[in-house]
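Visitor: build me a model:
(chains A and B)
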Amino acid sequence: MDQFLTDAVKFLPILMSGLGVTIAVTLAALVISVILGLVWALMGISRNRMLRAISRVVINTVRGVPIIVQLFYVYFVLPELGVQLDAFVAGAIGLGVAYSVYQAENFRAGFSSVDPMLIETAQSLGMSERKIMLRVIMPLAIRVTLPPFGNTSVMLLKDSSIASTITVAELTRAGQLLAVSTFQNMSVYTLIALLYLAMSLPLTYLVGRLERRFARK
Amino acid sequence: MISLKNVSKSFGDTQVLKDISFEIQRGEVVCLIGPSGSGKSTILRCINGLERHDGGEIVVDGSVLGEKSLPAIRAKVAMVFQRFNLFPHRTAQENVAEGPIHVAGRPVAEAMTEARTLLERVGLGDKCDAYPAKLSGGQQQRVGIARALAMKPQAILFDEPTSALDPERVGEVLKVMRTLADEGMTMVIVTHEIGFAREVADRVLFMDRGRIVESGPAREVLTAPKVERTRVFLDRVLNPL
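Guide: Okay, here's the model as predicted:
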């Protein structure tokens, strides 16, 4: 235990920079996944059959390929096609795309939970399509979407560690380097696990609170 | 005010409206009665553009219903639904003010004040801040009527407004509707409340299998129907045993 505490004091400052990168890559990937996920979900409920088909193909394809392979693809294959990406950007894009299909499923479930009769009612009031989306569909869908969205976000936070495989210097990668050079595997990986928990547990709690707040109305 | 000329409508192979023609004058109260599936609700939904009719012509306040005229027509013709369809994430007052603010573009404060007045008018002045889930069916439907009134419509279409209510709650909604009728609102009402139709409606249209089988002054049609089908229907509704 004493050993762990001294190690912790020594290692934490080094791991902290990795922690910052983990948060940054998670947030960037989250934004990308939400935007793309909304696109897939909206295409999926579109009246246009072509758009629906594209959405389905994208979702099934992306979901069917391991995230690590997708990251390798973005980082190692795209340069051969002339797209050179920095490791952080490649990680954020790769994770964002991979997670967009799970977000799309969350959004789809939210959209389809909205009573079509409420949409008709809004139409009969003369609301524009845009207003119906913003005033009726979105606020109702978000209650259904929020719990799975929270879970997806926590999973994304943890899976950001996969970015270590393409040299993104996030928490796991920083820990690996530290462990290799100090041989203090137990201290290092315990610290890493605790740091991940320090992020995921509050996130889970926050989502739970938001959920209850929406449910009250 | 509202006129239908030879309107027809099919869902797939089944024709639900066959050659429907009638006119509704300003200030008139007309009840559509008839068995389920006879096309009554579909007529209302066509007038409001929620369904597109396949043939014939619907004219509201001088303009022919179509893609272009639909927004203007929806501004003139409000709708009240069988299952109330209040927005569950908004309070009673917000439900009523939703159209004025977000469709008509009225200032929020003004629309909210007016919503309060309308809720008072339907006897729900104390429920402004209540969410729909906290209201009884009858209260929800009265909010629905206030919401329709908020758009200052020239006519209101009621689609079985009391069918989803507890029997005890039917009266409070009918009372509000009766007041509107007395004030000269143009109303088209799909209903199974024969007594209400007889008391309040100027005219009754009896429908069966997509056609208007009989029409005339409410008292006449409902007390002494000329057509056999109407007579059988009324007999079954009024004497179910």
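Visitor: tell me if stretch B:101-118 is near chain A.
Guide: Yes - using CB under 8 Å from any CB of the partner chain, stretch B:101-118 reaches chain A at B:H102, B:V103. C-beta: built from backbone N, CA, C; applies to glycine.
Visitor: touching that stretch from outside, list them.
Guide: A:125-127, A:131, A:135, B:75, B:93-94, B:96-97, B:100, B:125, B:128, B:146, B:149-151 (CB atoms under 8 Å, 6 or more residues apart in numbering or on different chains).
Visitor: for stretch A:5-23, same thing?
Guide: With CB under 8 Å, 6+ apart, stretch A:5-23 has contacts from A:88, A:157, A:160-161, A:168-175, A:178, A:182, A:184, A:187-188, A:191-192, A:195, A:199.
Visitor: centre of the chain to the longest helix that chain B contains, how far?
Guide: When chain B is parsed with DSSP state H, its longest helix is helix B:167-182. Centroid displacement of helix B:167-182 relative to its chain, using CA atoms, centre = their mean, to the nearest Å, is 13 Å.
Visitor: same for it, what does it pack against?
Guide: If you count contacts as 3 or more CB pairs under 8 Å, 6 or more residues apart in numbering or on different chains; DSSP states H and E, helix B:167-182 packs onto helix B:137-150, strand B:186-190, helix B:194-200.
Visitor: considering these, which stretch scores lowest in mean pLDDT?
Guide: Lowest mean pLDDT within the helices and strands packed on helix B:167-182: helix B:194-200, at a mean of 91.
Visitor: hmm, B:V64 and B:A72 touching each other?
Guide: No - assessed by CB atoms under 8 Å, B:A72 is found out of contact with B:V64, at 11.1 Å.
Visitor: so who does the residue lying closest to B:A148 once chain neighbours are set aside touch?
Guide: Spatial nearest neighbour of B:A148, excluding adjacent residues (CB to CB, 6 or more residues apart in numbering or on different chains): B:A78 at 3.6 Å. By CB under 8 Å, 6+ apart, B:A78 lies in contact with A:S124, A:L125, B:R147, B:A148, B:L149, B:M151, B:P153, B:A155, B:I156, B:L157.
Visitor: how is the last one classified with respect to secondary structure?
Guide: It refers to B:L157. strand (DSSP: H, G, I helix; E, B strand; the rest coil).
Visitor: list the beta-bridge partners for it.
Guide: B:M79, B:V188 (DSSP bridges).
Visitor: hang on, the earlier thing: of the contacts of stretch B:101-118, which belong to helices?
Guide: Those of the contacts of stretch B:101-118 lying in helices (DSSP H): A:K131, B:A75, B:Q93, B:E94, B:V96, B:A97, B:P100, B:A146, B:L149, B:A150.
Visitor: where does the second one land on pLDDT?
Guide: By that I understand B:A75. The model's pLDDT for B:A75 equals 91.
Visitor: pretty sure it contacts A:M127?
Guide: No - between B:A75 and A:M127 there is no contact under CB under 8 Å: 11.2 Å.
Visitor: after the top helix by length along chain A, heading C-terminal, what element do we hit next?
Guide: Longest helix of chain A, by residue count under DSSP H: helix A:2-44. Next helix or strand after helix A:2-44 toward the C-terminus (DSSP states H and E): helix A:49-63.
Visitor: what is the helix or strand following that next one packed up against?
Guide: The element immediately downstream of helix A:49-63 (helix or strand, assigned by DSSP H and E) is helix A:67-72. Counting contacts by 3+ CB pairs under 8 Å, 6+ apart, helix A:67-72 is packed against helix A:87-112.
Visitor: show the buried residues in the contacts of stretch B:101-118.
Guide: A:125-127, A:131, A:135, B:75, B:93-94, B:96-97, B:100, B:128, B:146, B:149-151 (16 or more other CB atoms under 10 Å in any protein chain shown).
Visitor: report the secondary structure state of A:I162.
Guide: helix.
Visitor: so what's A:S200 up against?
Guide: Here A:S200 is in contact with A:V154, A:L157, A:K158 (criterion: CB under 8 Å, 6+ apart).
Visitor: count of residues packed around residue 42?
Guide: In the absence of a named chain, chain A is used. 16 (other CB atoms under 10 Å in any protein chain shown).
Visitor: wait, chain B
Guide: B:T42: 23 neighbours (other CB under 10 Å).
Visitor: report the secondary structure state of it.
Guide: Relying on three-state DSSP, one would call B:T42 helix.
Visitor: setting aside sequence neighbours, what's the nearest residue to it?
Guide: B:V16 (5.2 Å).
Visitor: ramachandran coordinates for that neighbour?
Guide: phi -100, psi -20 (degrees, to the nearest 10).
Visitor: per-residue pLDDT, it?
Guide: On the pLDDT scale, B:V16 gets 93.
Visitor: now it: how far from chain A?
Guide: 17 Å (CB to the nearest CB, to the nearest Å).
Visitor: where's the closest residue in space to A:S113 that isn't next to it in sequence, which helix or strand?
Guide: The spatially closest residue to A:S113, leaving aside those adjacent along the chain, is A:V144, at 4.3 Å (CB to CB, 6+ apart). According to DSSP H and E, A:V144 maps onto helix A:138-159.
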